[in-house]
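*Asks:* Sequence plus predicted model, see below.
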Amino acid sequence: METVERDLAHSPLHRLLQGETMVVIQLEYQGELHCIAVHGPSGVELSTDAPKDNQGRGESFSPTDLVATALGSCMLTVMGILARTLKIDIGGATATVEKEMTAVAPRRIQRLAVKIRVPHALSAEDREKLERAAHTCPVHKSLHPEIQIPIEFVWG
């Protein structure tokens, strides 16, 4: 009985019911350096491939490309959440993330240069708030501090 209770306490359903924010992603290796990932809540699938410079064919996002994608989309999303709260429009905002890998072992992300463009003229106060939000997005805060993350904002 004790084992069952312990297993239940650590189950995804129990954690979800306790208010923990959790998402399950299921992944399957397809062979030839390809993987399929399924987003648990929506069932949406995405595929990955190793990049050409690391034995792959570069036919899809690489795992490190997804890190860069996560950073850019997270920044835009938290800016959008704040913009909604402030009742300002940032529709059409874009992010470009340039990912650079280390040239020597161990292979890892060295730099993620981000350029965020917001096509609307906003007050200096609103721009400052939105920039601060971007800098504090969960992905940015989760990345290793050795990764260089220069961020440029272009307004209007």
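*Replies:* Looks like it arrived, so ask away. Because the structure is predicted, anything quoted here is derived from the model rather than measured.
*Asks:* What is the lengthiest helix in the chain packed up against?
*Replies:* Ranked by residue count and defined by DSSP state H, the top helix of the chain is helix 63-86. Here helix 63-86 touches strand 45-49, strand 94-101, strand 109-118, helix 124-135, helix 138-142, going by 3 or more Cβ pairs under 8 Å, 6 or more residues apart in numbering; DSSP states H and E. Placement of C-beta: from N, CA and C, glycine included.
*Asks:* distance between the third one and the chain's centre?
*Replies:* Looking back up the chat, that one is strand 109-118. Distance of strand 109-118 from the chain centroid (Cα atoms, centre = their mean, to the nearest Å) equals 12 Å.
*Asks:* wait, doesn't Lys52 sit right on Gly58?
*Replies:* Yes. With contact defined as Cβ atoms under 8 Å, Lys52 counts as touching Gly58 (4.1 Å).
*Asks:* Which one of those two is surrounded by more residues?
*Replies:* Ranked by neighbour count (other Cβ atoms under 10 Å), Lys52 and Gly58 place Gly58 first, with 14 against 11.
*Asks:* sec struct for the more buried one, please.
*Replies:* When classified by DSSP: H, G, I helix; E, B strand; the rest coil, Gly58 comes out as coil.
*Asks:* and it, what is it in contact with?
*Replies:* Counting by Cβ atoms under 8 Å, 6 or more residues apart in numbering, Gly58 makes contact with Asp49, Ala50, Pro51, Lys52.
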